[in-house]
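Participant: 3D, please:
(chains A and B)
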2 protein chains.
Amino acid sequence: MTTRAVAQRAQQPLGTVSYHFRGKRELLIQAALHTVEDLFPVSELAAVDTLTELISRIKVLLGDRVSGDSVLSAVLMETMREAARDPDLRQRMASLLSDYRRLLTDLMRREQHRSAMSADVDPAALAILLAAAGDGLLLHALLDSELDTASAFEALLTLLRK
Amino acid sequence: MTTRAVAQRAQQPLGTVSYHFRGKRELLIQAALHTVEDLFPVSELAAVDTLTELISRIKVLLGDRVSGDSVLSAVLMETMREAARDPDLRQRMASLLSDYRRLLTDLMRREQHRSAMSADVDPAALAILLAAAGDGLLLHALLDSELDTASAFEALLTLLRK
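Facilitator: Here you go, the predicted model:
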C-alpha cells in the first residue's frame, strides 16, 4: 500500500499525510502502536480499580477479541518482529509497557492498602510479573486457541489473594 | 540464502539437503524450532527438580543469553511472525509449548507433594501461568534491556511459597 492510497482512503491531500507522518515507515509504526495500545487502552487501565476487575477484563479480552482474530494476531507479531530490528519502535513499545506497569503498580499498591492482597510482595515487581503474564498468555493463546487461559488467571488471583 | 548455499556450508550434496528438509521452507521452520527449543531444551527442563532451581535457570537464561543477543531476538520474533500465518508452524510451536507445560505441571505437583508449594492451586493452571510469565518476561526483556526481570521472579517465588 502506498502513502498515496492511504491519503485517498482518508480523503486527505497526499502532502498532509506525508507531512503528518513524516513518511510511510512512520505511518506504519503509528498504525502498529495504535493497534497494540487499542487492545487495552491505557485510559481504560487507569480506570480499573480492583484486581478482580482487571483480571475479568483481561479474560474477556483474551477470550472474545483475540481468539480467532488472525488480522490482529498478524499485526501484533509483525510489530514485534519490526521492534526487534527497529530501535525507535522498540523504545516506543518499551515506553508503552512502562506506562502499563506504572498503572499496575498503583493498582497493586491500592489493593495492598485495602488488604485485598498480600502485603509482603513488592508492587513494582508484581506489576512486571503481571504485565509479562498477560502478554505471555496472549502470545500462547494466539499459538493455541484451545489454551485454558482462564484457569491461569484464576490461579494467579488465588496466589495474589493469599 | 539458497538451499544450495546451505548444502555447501553443511558440506552435503544439494539433493540430500532438499530431500531431508523437503524444501527451503521446511528447512527454515526446522531451524526456527531448533532455536526456540535450544533456548531451554525440553530434556534440561525434565531434569529440573525444584521450583527454586527452575527460577534460577530461567533467570540466568534471561540475564546472560537473551539480553543483547539481537540475532536470537530477531529469530524469535521472525518465528512468531511466521507462526501467525503458517498453521503448520503454529501447531508445532503449540505442541512444543504443551511439552513444556506438561513438565511444569509435573514439577508443581512434586513441589506440592513435598509441601514446598501451596497445595490449593491447580498445578496444570500454574503451569500455563508459569510458561506464559516466562515467555512474557523474555518478550519484555527483548523490548527493554533495563527491565528488572529478576524482581518479577522473586515476586513469583514468594507467591508460590505461601
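Participant: phi and psi next, for A:Ile58.
Facilitator: Note on A:Ile58: backbone dihedrals following degrees, to the nearest 10 are phi -70, psi -40.
Participant: count residues in the vicinity of A:Ala155, would you?
Facilitator: 21 (other CB atoms under 10 Å in any protein chain shown). Just so you know, the C-beta spots here come from the backbone N, C-alpha and C atoms, and that holds for glycine as well.
Participant: which residues sit in contact with it?
Facilitator: Neighbouring residues of A:Ala155 by CB atoms under 8 Å, 6 or more residues apart in numbering or on different chains: B:Val121, B:Asp122, B:Ala125, B:Leu126, B:Ile128, B:Leu129.
Participant: contacting residues around the one helix or strand in chain A whose mean pLDDT sits lowest?
Facilitator: In chain A, no helix or strand scores lower on mean pLDDT, DSSP states H and E than helix A:14-21, which sits at a mean of 73. Residues from elsewhere that reach helix A:14-21, judged by CB under 8 Å, 6+ apart: A:Thr3, A:Arg4, A:Val6, A:Ala7, A:Ala10, A:Leu27, A:Gln30.
Participant: can I get those residues in CSV including neighbour count and pLDDT?
Facilitator: Listed next are those as CSV, based on neighbours: other CB atoms under 10 Å in any protein chain shown; pLDDT from 0 to 100:
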residue, neighbour count, pLDDT
A:Thr3, 14, 74
A:Arg4, 12, 78
A:Val6, 18, 73
A:Ala7, 16, 78
A:Ala10, 10, 78
A:Leu27, 17, 78
A:Gln30, 14, 83
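Participant: measure A:Ile29 to A:Leu62 for me?
Facilitator: Going from A:Ile29 to A:Leu62 by CB to CB, to the nearest Å gives 25 Å.
Participant: how about the nearest residue to A:Leu157 once chain neighbours are set aside, what does it touch?
Facilitator: Distances taken as CB to CB, 6 or more residues apart in numbering or on different chains place A:Ile55 nearest to A:Leu157, at 5.7 Å, with adjacent residues excluded. Contact analysis of A:Ile55 by CB under 8 Å, 6+ apart lists A:Phe153, A:Leu156, A:Leu157.
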